[in-house]
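Asks: sequence unknown, structure follows:
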């Protein structure tokens, strides 16, 4: 009766502790009545009743029992068939996601019949062996069906307003999957999420990023989870497929989505640099250069320049790329520069590119001779008033702040003409 009708907050805390502790000391499978009450959730998630607290508590009690039982848990199929991933109440959806994570965690232990099969299973040419945990085929198919059905429902609500979307089955199911991804990315279960990142998780999160207003109203933050994907324990085959997807140019992408893509690539570059092949680095470089010349968004060009600087820092100076940027800066009159500074995307991208190469080596000593030449070259654009001029000023200003302690040594690398070109751009006394 307590579990069915009188499960209040005080009683829940007691039962929660009991459900966690009891399976560790006895085999609860011998207590038929206890198991029946906890594992039988048929009809529990009925949307005709508003008792969401009771439904959530029952789900959490079942989660505690399963987590303690681990691989001894049972009735998996019956529980999965009765879980409702599109429940209209957020509290219930979040607990459904947590219970689903626990089921996956307890069911993902490989079971082999003989020592010979164990040796064969964990042997590989790379020497790394196979994963200690693998999602069973039944659960694997179940997860993929969830993402496929959610993607199909997304197409049906694309043109609806945020307020309308929040009342659809798509949103209910999407928020449950969001909570599931968030929980899976924590602790030891993150290794089980890796195979789903490229085919399921990233496309799903990109769809959420396209619905910025919906996520803001609902309190969902797909950006944080998107960026956390770079910290997953990724193996080389997974890295390649993820980079292929992230470096894909999506038509009609928003500025926010492109910047998130670039930031995620930056995180992967930082975390997985030693595993990246030359072809993958080249692929990242091509995508960054493509976005550096983005014609629609200034902020995307600036974000791409920041990533280009980190890429060059790790791979070395590309003289051909520097020459390409220099060729895109025309020698023209002051009036023409003033006009182009406000309109020309190509010139702006080239200034950002030169700045990215200079900032890639902030503390190199002695100062390379090509840096004074480049600073003097862009100083004439720094005197203009458009976005090109602003970016050129920022490049010179950043150089000044970083090299202020070594300026007495750095200035000897500059010629008198180069110092004169820099005079008046920021502070005359600094370059005097």
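Replies: Right, received. Where do you want to start? All figures in this text were calculated on a predicted structure; none of them were measured in a lab.
Asks: quick one: the strands in this structure, in order.
Replies: In the chain, no strands are found when defined by DSSP state E.
Asks: any chance you could map the helices in the stretch 201-350 of the chain?
Replies: Counting by DSSP state H, counting those that start in this stretch, the stretch 201-350 of the chain has these helices, from start to end: 202-210, 212-218, 222-228, 236-246, 255-271, 278-292, 298-315, 319-327, 334-340, 345-359.
Asks: low-confidence stretches in the stretch 301-432 of the chain?
Replies: 424-432 (pLDDT under 70).
Asks: switch the cut-off to 80
Replies: Across the stretch 301-432 of the chain, the ranges flagged by pLDDT under 80 are 318, 421-432.
Asks: residue 342 contacts residue 348, correct?
Replies: No. Assessed by C-beta atoms under 8 Å, residue 342 is found out of contact with residue 348, at 9.7 Å. (C-beta placed from N, C-alpha, C; glycine too.)
Asks: for residue 295, phi and psi?
Replies: With angles defined as degrees, to the nearest 10, residue 295 sits at phi -80, psi -10.
Asks: OK, contacts around the nearest residue to it once chain neighbours are set aside?
Replies: For residue 295, the nearest residue in space outside its immediate sequence neighbours is residue 345; the separation is 5.2 Å by C-beta to C-beta, 6 or more residues apart in numbering. With contact set as C-beta atoms under 8 Å, 6 or more residues apart in numbering, residue 345 has these partners: 293, 294, 295, 301.
Asks: and for the nearest residue to the second one once chain neighbours are set aside, the neighbour number?
Replies: In space, not counting the residues next to it along the chain, residue 294 is nearest to residue 300; the distance is 4.5 Å by C-beta to C-beta, 6+ apart. Residue crowding around residue 300 was assessed by other C-beta atoms under 10 Å; the count is 23.
Asks: do the same with the one 4 residues further on
Replies: When neighbours are defined as other C-beta under 10 Å, residue 304 has 27 of them.
Asks: quickly note the distance from it to residue 347.
Replies: 15 Å (C-beta to C-beta, to the nearest Å).
Asks: cool, and residue 33?
Replies: 78 Å.
Asks: quick one, which of the two is more surrounded?
Replies: Regarding residue 33 and residue 347, a neighbour count based on other C-beta under 10 Å identifies residue 347 as having more, with 23 against 7.
Asks: buried sites along stretch 151-171?
Replies: Within stretch 151-171, the residues that count as buried by 16 or more other C-beta atoms under 10 Å are 153, 154, 157, 160, 165, 166, 168, 170, 171.
Asks: ok, stretch 259-279 next?
Replies: Buried residues in stretch 259-279, counted by 16+ other C-beta under 10 Å: 259-269, 272, 276.
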